[in-house]
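Chemist: Attaching a predicted model along with its sequence, questions to come.
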Amino acid sequence: MLDKERGLYIAHCANGALSIQGKMANRHGLIAGATGTGKTVTLQVMAETFCQAGVPCFMADMKGDLSGISQVGKISGFIEKRLPEFGIENPEFQACPVRFYDVYGEQGHPMRATVSQMGPLLLSRILQLNETQAGILNILFRLADEQGLLLDDLKDLRSMLNWMGDHAKEITLKYGTVTSMSIGAIQRAILQLENQGADKFFGLPSFDIQDLLSVEGGKGVMSVLAADKLMMQPKLYSTFLLWLLSELYTTLPEVGDLPQPKLVFFFDEAHMLFTDTSKALLDKIEQVIRLVRSKGVGIYFITQSPTDIPENILGQLGNRVQHALRAYTPKDQKAVKTAADTFRANPEFKTDEAIMNLETGEALVSFLDEKGAPNIVERAKVLFPLSQIGAVTEGQRIDIIKQSRIYGKYDTSVDRESAFEVLLKEAEERALTEAENAEIAASEKAGKKEEKKKPGIVSKVFKAIITAVTSTLAAILGTYVSDKVTGKKTKSRTSATGRVVKNATSAATRSATRELTRDILGNLIK
């Protein structure tokens, strides 16, 4: 609740109002507590308070309850009973401007990112790759960059993997070992991701981070992500939110300390972000959280216990609201002690005992003071929301989506020429060239066989002429020898010889002509 005197009024204790200092809101925060202790309502109260101050917020809606922030709240028996506790007589119920988003595009505007934007580190986490497979993915991104190939969606990723498999020997010599076994494992991981519906997330148009920073009518726009289905894929959910944070970090300019943040980012079920996380990724998360505050962004983690957050990151969360924890086992008792130790002690009560005895809607609260130091922890009651508690109807959701200023901006996917199309075209051209070369080789081979089988026309003519000359000489020599043997003189040698030559030549000529004619006609008929 925004109060001119109290600022970002969140809770009320015996000593008065507890408010977040606007210029300290980007120092991040934590909302913790067991299931059913009021974490979601606290998140809603904080979000609508930022909204009224003109600060846009992003939040994941796990069960649909947060969608009610888009509707005007109303008095109830529970709220009426608590009004005197906060010194409020006539609460001004009001709604917040809201934009609904959904990675799957079913309950809100689609939110997409390209494979290139996600990068090999985050993509390896989603695909749950081992170190060797992650190394191959790094090589893939390097090759795509060198060859100017765009990686937009999962089919681009598949095409690049297939291409790497075909050129594994050359790639191995230059970049390191690339095996078909590892490529196959990555392909199976991509198939599993597709079966989870993640193919709808990767592609164009990619989400514009600037749309999270909108202000309407002086109020910050609440960006509510429908996460009930996304929650079923914890790796995809946590990595997607981490991608959003990374985009904010790399996109937004440095602004230093502002009177109030440009955006507050609520990360619900935060423990999923740190489960089975590699050291490299954990270092990246720590870096983003540490430096993104200088971009004017505050991050608030929502989880069951502070022990869900790594110590290096927990130490950066200055504004804290701790709801009740249960301590039925030694492990739970240790978690309670750890949670108590994260607060600046209050001499009026024991923090660890108070954590186990808090009622619903009650919490231990400690915000940073004007100098950035944590205040003494107070046992307080969190304010009630001024917007609706509970989910909106399907009709209300559809109306809000259609009335949004960004309606239609992301609804139609775009498939431009990227790695898949380029590599497919190259493969088709290569296959066509290989087919043409094979056809030419087959034709040449068949022609050579035909030449060996049948002599050419010129050789046949030459053979016929030789045959004719040989026959003529044989006839002449034959007549001469006959006269010598018999001792008889031919009546007319010249005329006799001429007749022999004439007859032989005519016969040879006719034979050659017949054979030549048959060969010519045969070639014409073929």
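Modeler: Perfect, thanks for sending it. Nothing here was measured: the structure is a model prediction, and the numbers come from that model. Numbering: from 1, shown residues only.
Chemist: which stretches of the stretch 251-400 of the chain form helices?
Modeler: Ranges of helices in the stretch 251-400 of the chain, per DSSP state H, counting those that start in this stretch, are 271-274, 279-291, 311-314, 330-341, 351-357, 394-403.
Chemist: I'd like those written out as a markdown table, with mean neighbour count added.
Modeler: (C-beta placed from N, C-alpha, C; glycine too.) Below are the helices of the stretch 251-400 of the chain laid out as a markdown table (neighbours: other CB atoms under 10 Å):
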| stretch | mean neighbour count |
| --- | --- |
| helix 271-274 | 19 |
| helix 279-291 | 15 |
| helix 311-314 | 15 |
| helix 330-341 | 16 |
| helix 351-357 | 17 |
| helix 394-403 | 14 |
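Chemist: Select, out of the ones you listed, the one closest to residue 65.
Modeler: helix 394-403 (13.1 Å; CB to CB).
Chemist: Heading C-terminal from that closest one, find the next helix or strand.
Modeler: Once the chain leaves helix 394-403, the next helix or strand it forms, by DSSP states H and E, is helix 419-453.
Chemist: that older thread, the helices of the stretch 251-400 of the chain: which one's closest to residue 244?
Modeler: That would be helix 279-291 among the helices of the stretch 251-400 of the chain, by CB to CB, at 10.4 Å.
Chemist: Now do the closest one: which elements does it pack against?
Modeler: Packed against helix 279-291, as judged by 3 or more CB pairs under 8 Å, 6 or more residues apart in numbering; DSSP states H and E, are the following elements: helix 115-127, helix 234-251, helix 271-274, helix 311-314.
Chemist: Quick check: the gap between residue 240 and residue 202.
Modeler: 11 Å (CB to CB, to the nearest Å).
Chemist: Hmm, residue 85 and residue 383 touching each other?
Modeler: No. Taking contacts as CB atoms under 8 Å, residue 383 lies outside contact range of residue 85: 9.6 Å.
Chemist: who's more crowded, these two?
Modeler: Neighbours were counted for residue 383 and for residue 85 using other CB atoms under 10 Å; residue 383 has more, 27 against 11.
Chemist: so who does that one touch?
Modeler: When contacts are counted by CB atoms under 8 Å, 6 or more residues apart in numbering, residue 383 touches 1, 9, 10, 11, 12, 45, 86.
Chemist: out of residue 240 and residue 202, which sits in the busier spot?
Modeler: residue 202 (25 against 22).
Chemist: Apart from its chain neighbours, what residue comes closest to that one?
Modeler: The shortest distance from residue 202 to any non-neighbouring residue, by CB to CB, 6 or more residues apart in numbering, is to residue 153 (4.7 Å).
Chemist: and what of residue 171?
Modeler: Closest to residue 171 by CB to CB, 6+ apart is residue 178, at 5.0 Å.
Chemist: do the same with residue 260
Modeler: Using CB to CB, 6+ apart, the nearest residue to residue 260 is residue 22, at 3.7 Å.
Chemist: Correct me if wrong: the one you found contacts residue 264.
Modeler: No. Look at residue 22 against residue 264 with CB under 8 Å: they stay out of range, at 11.0 Å.
Chemist: Between the two, which is the more surrounded one?
Modeler: residue 264 (28 against 16).
Chemist: hey, what's that one bridged with?
Modeler: Beta-bridge partners of residue 264, counted by DSSP bridges, are residue 57, residue 298.
Chemist: returning to what we had before: most neighbours per residue, which of the helices and strands packed on helix 279-291?
Modeler: Ranked by mean neighbour count, the helices and strands packed on helix 279-291 are led by helix 115-127 with a mean of 21 (mean count of other CB atoms under 10 Å).
Chemist: how far out from the middle of the chain is that one?
Modeler: Distance of helix 115-127 from the chain centroid (CA atoms, centre = their mean, to the nearest Å) equals 6 Å.
Chemist: Adjust the sequence numbering to begin at 702 for everything that follows.
Modeler: Fine by me, first position is 702 from now on; the one you just mentioned is helix 816-828.
Chemist: between it and helix 935-952, how many degrees?
Modeler: Helix 816-828 and helix 935-952 are oriented at 140 degrees to each other (axes from the mean of the first three to the mean of the last three CA atoms, to 10 degrees).
Chemist: In CSV, list the C-alpha atoms belonging to helix 816-828.
Modeler: Taking Å, rounded to 0.1, in the frame of the first residue of the first chain, the C-alpha atoms of helix 816-828 are listed here in CSV:
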residue,chain,number,x,y,z
VAL,A,816,18.4,-20.4,-29.4
SER,A,817,21.2,-17.9,-30.0
GLN,A,818,19.8,-15.6,-27.3
MET,A,819,19.6,-18.5,-24.8
GLY,A,820,23.3,-19.3,-25.4
PRO,A,821,25.1,-22.6,-24.8
LEU,A,822,25.4,-22.3,-21.0
LEU,A,823,21.7,-21.9,-20.3
LEU,A,824,20.7,-24.3,-23.1
SER,A,825,23.0,-27.0,-21.7
ARG,A,826,21.1,-26.6,-18.4
ILE,A,827,17.7,-27.0,-20.0
LEU,A,828,18.9,-30.1,-22.0
